[in-house]
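Asker: Turn this into a structure:
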Amino acid sequence: MKILKKIGIALLLILIIAQFFGPEKNDGNIDTVNAFVAETNPTEEVLTIMKTSCFDCHSAKTNYPWYNSITPVNYWLDEHIKDGKKHLDFSKWSEYSLKKKEHKMDELHEEVEKGEMPLDSYTWTHDEANLTQEQVDAIVTWGKKVQAEYKQQMSAE
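Answerer: Below is the predicted model:
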């Protein structure tokens, strides 16, 4: 029994010490999405949806919840953000080629339409990010329109 007590105390100490360390925050400037917004011209409704359901994981600025201060939760959130930005980073939209922008718009409306975005793990703690069917339809309609515009631009080249 003494060994279990020692192991428990050691684990508790490690957990306490770990609270003083954490990953670097995704704490850039939200204005970095301005190029994306200007180029794709989302409606106010779509922009509002993207602010509440997309930009936290897919831009240079994340609005962190209170529980991000708890290790190891902060590492788990950091991995979600890094993975999200790896797939699509609205802050780097101006760096994407025309072909990549067209492809990303295709993925965007497809993922939302299938209900794969936003992730369930995000909506569990961000109820406002749960999309209604009307919101899904708005994103899909806008996304298909923007994608078609990119296709048209590519065919004109």
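
Asker: So, low pLDDT: which residues of the chain?
Answerer: 1, 18 (pLDDT under 70).

Asker: could you pull out the strands for it?
Answerer: Counting by DSSP state E, one finds no strands in the chain.

Asker: Give me the phi and psi for the most centrally placed residue in the chain.
Answerer: The centre of the chain sits closest to Cys57, judged by CA atoms, centre = their mean, with a distance of 2.0 Å. Backbone torsions of Cys57, given as degrees, to the nearest 10, read phi -100, psi -10.

Asker: Is it correct that it is in contact with Tyr122?
Answerer: Yes. Look at Cys57 against Tyr122 with CB atoms under 8 Å: they come within range, at 6.9 Å. Quick note: C-beta positions are derived from backbone N, CA and C, even for glycine.

Asker: Common neighbours of these two, please.
Answerer: His80 (CB atoms under 8 Å, 6 or more residues apart in numbering).

Asker: Can you give me every residue that contacts the residue nearest to the centre of the chain?
Answerer: His80, Ile81, Asp83, Gly84, Lys85, Pro118, Leu119, Tyr122.

Asker: how about a cut-off of 7 Å?
Answerer: His80, Ile81, Gly84, Tyr122 (CB atoms under 7 Å, 6 or more residues apart in numbering).

Asker: Since that was my last question, I'll sign off now.
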